[in-house]
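Colleague: Quick check, what structure comes out for this input:
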Amino acid sequence: MLGRVGAGVVVRASAPSPDIANIEALKQAMLNADSIVYNTASSGLYLEKLFERIGIAEQIKAKTTRYPNGEDVMDHIIKGKGNELGFGAITEIKLFEPKGLKLVGPLPPDIQNYTSYGAALMSNAPSADAAKAFLTYLATPEAKQIFAAAGIE
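Modeller: All right, here's what the predicted structure looks like:
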């Protein structure tokens, strides 16, 4: 496995960071928010089920906005007003931080959802030596540092 990417909570850079350290704190932050924003893609489907499981789906339904992709979620939060909470892949949130977002943090560990990434050499790779060299590089401390900076564990 090369790494994994978790789901995170995002706010506008100028907004205060809510406490999301555990499930109860996250629930309270969501109940206190003016709006909740997340996507309709795979991470959004996980969040939808999670909100049902932790018992707040009905309470936040009226203030929830969903978009087809994470980029639209991030744009909504950047342009938003009030106390808005967004959810998305930590890597995506980090890409938008220079544009006016702030990663509050990952979901609490007991409800986190990861997407894992791996790499392998194809048996009929047309440039096997180059592919091997690239795979070797991906395991170096330098590559791991680049991954970590991008939000990949």
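Colleague: Every contact and neighbour count from this point should use C-alpha atoms.
Modeller: Will do.
Colleague: where along this structure do the strands fall?
Modeller: All strands of the chain, identified by DSSP state E, fall at 3-12, 35-39, 64-67, 84-89, 101-106, 114-117.
Colleague: Now do the spatially most central residue of the chain, the pLDDT please.
Modeller: In the chain, the residue lying closest to the centroid (C-alpha atoms, centre = their mean) is Ala89, at 1.9 Å. On the pLDDT scale, Ala89 is placed at 93.
Colleague: Could you pull up the residues touching Phe96?
Modeller: Met74 (C-alpha atoms under 8 Å, 6 or more residues apart in numbering).
Colleague: what's the distance between it and Met74?
Modeller: Plainly put, Phe96 is 7 Å away from Met74 if you go by C-alpha to C-alpha, to the nearest Å.
Colleague: go on, Gly151?
Modeller: For Gly151, the distance to Met74 - C-alpha to C-alpha - is 16 Å.
Colleague: Same drill for these two, tell me which one is more crowded.
Modeller: The neighbour count for Gly151 versus Met74, taken as other C-alpha atoms under 10 Å, is higher for Met74 (29 against 21).
Colleague: how about that one, what does it touch?
Modeller: Applying C-alpha under 8 Å, 6+ apart to Met74 gives the contacts 86, 93, 96, 101.
Colleague: export these to TSV and tack on distance to Ser14 and pLDDT?
Modeller: Listed next are the contacts of Met74 as TSV, based on distance: C-alpha to C-alpha, whole Å; pLDDT from 0 to 100:
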residue	distance to Ser14	pLDDT
Gly86	14	97
Ile93	15	95
Phe96	14	95
Leu101	8	96
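Colleague: of all these, which two lie farthest apart?
Modeller: The most widely separated members of the contacts of Met74, counting by C-alpha to C-alpha, are Gly86 and Phe96 (12.2 Å).
Colleague: domain parsing for this structure?
Modeller: 3-116, 121-149 (automatic domain parsing).
Colleague: tell me how far stretch 92-99 is from the chain's mean position?
Modeller: Stretch 92-99 sits 11 Å away from the centroid of its parent chain (C-alpha atoms, centre = their mean, to the nearest Å).
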